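[1] Sharing a model prediction with you, sequence too.
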Amino acid sequence: MSLNSSTKVETNKYELEVSVAPDVFGSAVDKVYHKNAKKISVPGFRKGKAPRHLIEKMYGEGIFFDEAINDVMPEAFVEAAKEAGVEPVSTPEVSVESVSKADGLVFKATVIVKPEVEVKDYKGIKAQKTVNTVTAAQVKAELEKMQDRNARIITVEDAPAKSGDTAIIDFEGFVDGVAFEGGKGEGHPLVLGSGQFIPGFEDQVIGHKPGEEFDVNVTFPEQYQAEELAGKAATFKVKVNELKSKELPELDDEFAKDVSEFDTLDELKKDIKKKLQEQANAQSETELENSLVDAVIEKLEGEIPEVMFENRIDEMVQDFDYRLQSQGMNLQLYLQYTGMEMADFRKTFREQAEKQVKIRLALEKIAKLEKIEISDEAVEEEIAKMAENYQMEPEKIKSLVSLDNIREDLAVNKAIDLIRESAEVEEVKPAKKTAAKKPAAKKAAKKAEEDTEEK
């Protein structure tokens, strides 16, 4: 292969003229001939037994050229792009200029390439980092979650239902005295206070004991999904068959021993606080990094090809489809269920795709400006980590992943570290929530009281 010429035809678009030597192209033609000779019939010869020169005489010298071109062109194009110093981001538009056994192959490839961008003032970015301190209320809330997860479910024999209980009910709904479709159920478990049923239903079950039968009067919401019921008053005949309640364990040292490796409740509380603080610190760092990323994107200059955004959206859609398939669904079914067209679905990824493309270009440029180099040892360490995470042999990872891509990813990560380390970060406390304004009636009453005191 040889690069004859590289011409910039417009911003981020190049035309490459590439030659494939006669011996290389001839070898490709030979392979195609040997692969297809058995399928070709020539009068006077058994199928697959005709000499090559007769086949070419009968069907033309170029009978094997198209397939040979398809075989040699991809590698020739990649080598030519590398020699030209451009990085393609689109499938090339190709035209064959000349082809023959004697002279080989000459083709032109027009392709969109990764843009040249500029990033200025990426060091010393001013940013704020929110410092969150875990409160006793947060620790208490986490303890209550643990308490709820370890609750014992008991059957209530002779006590009224309360919020949080699970009532096993039979019900049938009527509008204007007529039962309606979908309004009947038997043995339905309803968590009171969950909002599972229409507004007002669960509130009227609260207070009733197992075995009781009663009416529940409600009005369907105006925006109810069943249009024939929307906004209509309904009466449900309800029976509470069974009532189940959660019995929460006591928050004491025994509880700590049962749910953790700690012997006392105080030790458990300290551990919860420590973990919550670690999570809060990690969240603060993530928010800081995101703000720095946004700042770097603002400093990015360059014309980015539309195809780069579309390529990233393609990848994101594909990842989404893979996740759906792992759950027993696929993208086509998902779009049917949601009533969404593919074009509209793709738009939901647009903003995120643009951000990812821009920050990647910016970080690659910074890594280049800072002359960040990644050693072979660092690449091997990363491969070892990947092998451990995916429970695969390192050699298998190498066969699946480009080492150049790993090296680029590591360089980008170092660029992020550089931006973070050089940033001027101001630590701030979370903004306090402003107290709700007093209702007008209360304000008026207080004003009247003050006026009376003055008199």
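    That came through, no problem.
[2] Would you map the strands across the protein?
    Using DSSP state E, the strands of the chain run over 2-10, 13-20, 93-100, 104-112, 118-119, 126-130, 152-155, 166-175, 178-191, 213-219, 233-247, 300-301, 424-428.
[3] Those strands into JSON lines, with extra columns for mean neighbour count and mean pLDDT?
    To be clear about C-beta, it is placed using only N, CA and C from the backbone, and glycine gets the same treatment. Shown next, in JSON lines, are the strands of the chain (neighbours: other C-beta atoms under 10 Å; pLDDT from 0 to 100):
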{"stretch": "strand 2-10", "mean neighbour count": "12", "mean pLDDT": "95"}
{"stretch": "strand 13-20", "mean neighbour count": "20", "mean pLDDT": "97"}
{"stretch": "strand 93-100", "mean neighbour count": "13", "mean pLDDT": "95"}
{"stretch": "strand 104-112", "mean neighbour count": "20", "mean pLDDT": "97"}
{"stretch": "strand 118-119", "mean neighbour count": "16", "mean pLDDT": "96"}
{"stretch": "strand 126-130", "mean neighbour count": "15", "mean pLDDT": "95"}
{"stretch": "strand 152-155", "mean neighbour count": "10", "mean pLDDT": "92"}
{"stretch": "strand 166-175", "mean neighbour count": "19", "mean pLDDT": "96"}
{"stretch": "strand 178-191", "mean neighbour count": "13", "mean pLDDT": "93"}
{"stretch": "strand 213-219", "mean neighbour count": "14", "mean pLDDT": "96"}
{"stretch": "strand 233-247", "mean neighbour count": "17", "mean pLDDT": "95"}
{"stretch": "strand 300-301", "mean neighbour count": "14", "mean pLDDT": "96"}
{"stretch": "strand 424-428", "mean neighbour count": "11", "mean pLDDT": "94"}
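[4] would JSON lines of those strands with distance to Tyr33 be doable?
    What follows is those, written out as JSON lines (distance: least, C-beta to C-beta, whole Å):
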{"stretch": "strand 2-10", "distance to Tyr33": "25"}
{"stretch": "strand 13-20", "distance to Tyr33": "17"}
{"stretch": "strand 93-100", "distance to Tyr33": "15"}
{"stretch": "strand 104-112", "distance to Tyr33": "16"}
{"stretch": "strand 118-119", "distance to Tyr33": "52"}
{"stretch": "strand 126-130", "distance to Tyr33": "65"}
{"stretch": "strand 152-155", "distance to Tyr33": "76"}
{"stretch": "strand 166-175", "distance to Tyr33": "76"}
{"stretch": "strand 178-191", "distance to Tyr33": "69"}
{"stretch": "strand 213-219", "distance to Tyr33": "80"}
{"stretch": "strand 233-247", "distance to Tyr33": "78"}
{"stretch": "strand 300-301", "distance to Tyr33": "52"}
{"stretch": "strand 424-428", "distance to Tyr33": "67"}
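[5] With Lys145 as the reference, name the closest of those.
    strand 233-247 (12.7 Å; C-beta to C-beta).
[6] Which strands and helices lie in contact with that closest one?
    Packing partners of strand 233-247 (3 or more C-beta pairs under 8 Å, 6 or more residues apart in numbering; DSSP states H and E): strand 152-155, strand 166-175, strand 178-191, helix 201-205, strand 213-219.
[7] helices or strands next to the longest one in the packing?
    Which is strand 178-191. The contact analysis (3+ C-beta pairs under 8 Å, 6+ apart) places strand 178-191 against strand 166-175, strand 233-247.
[8] So which of these is nearest Pro394?
    strand 233-247 (49.8 Å).
[9] what angle do that closest one and strand 213-219 make?
    Using axes from the mean of the first three to the mean of the last three C-alpha atoms, to 10 degrees, the direction of strand 233-247 lies 120 degrees away from that of strand 213-219.
[10] what sits up against strand 233-247?
    Residues from elsewhere that reach strand 233-247, judged by C-beta atoms under 8 Å, 6 or more residues apart in numbering: 148, 151-156, 159, 161-162, 164-175, 180, 183, 187, 201, 205, 208-220.
[11] same deal with stretch 204-215?
    Residues contacting stretch 204-215 (C-beta under 8 Å, 6+ apart): 156-163, 167, 169, 190, 192-193, 216-218, 235-243.
[12] Relative to Ser95, which of the helices and strands packed on strand 233-247 is closest?
    Closest among the helices and strands packed on strand 233-247, using C-beta to C-beta: strand 178-191, at 62.9 Å.
[13] partners of the closest one, with directions?
    Taking DSSP bridges as the criterion, strand 178-191 sits next to strand 166-175 (antiparallel) in its sheet.
[14] can you put the helices and strands packed on strand 178-191 in TSV and add distance to Phe320?
    TSV is the format used below for the helices and strands packed on strand 178-191 (distance: least, C-beta to C-beta, whole Å):
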stretch	distance to Phe320
strand 166-175	35
strand 233-247	37
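[15] closest to Glu289 out of these?
    Of all those, it is strand 233-247 that lies closest to Glu289, at 40.6 Å by C-beta to C-beta.
[16] Could you list the alpha-carbon positions for the closest one in PDB?
    Extracted in PDB, the C-alpha atoms of strand 233-247 (Å, rounded to 0.1, in the frame of the first residue of the first chain):
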ATOM      1  CA  ALA A 233     -68.000   8.900  41.700                       C
ATOM      2  CA  ALA A 234     -67.700   5.200  42.600                       C
ATOM      3  CA  THR A 235     -68.600   3.000  45.500                       C
ATOM      4  CA  PHE A 236     -66.500  -0.100  46.400                       C
ATOM      5  CA  LYS A 237     -67.900  -3.000  48.400                       C
ATOM      6  CA  VAL A 238     -64.900  -4.000  50.500                       C
ATOM      7  CA  LYS A 239     -64.100  -6.800  52.900                       C
ATOM      8  CA  VAL A 240     -61.000  -7.100  55.000                       C
ATOM      9  CA  ASN A 241     -60.100 -10.800  55.000                       C
ATOM     10  CA  GLU A 242     -56.800 -10.500  56.800                       C
ATOM     11  CA  LEU A 243     -54.500  -7.900  58.300                       C
ATOM     12  CA  LYS A 244     -50.700  -8.100  58.500                       C
ATOM     13  CA  SER A 245     -48.500  -5.600  60.400                       C
ATOM     14  CA  LYS A 246     -44.800  -5.100  60.800                       C
ATOM     15  CA  GLU A 247     -43.300  -5.600  64.200                       C
END
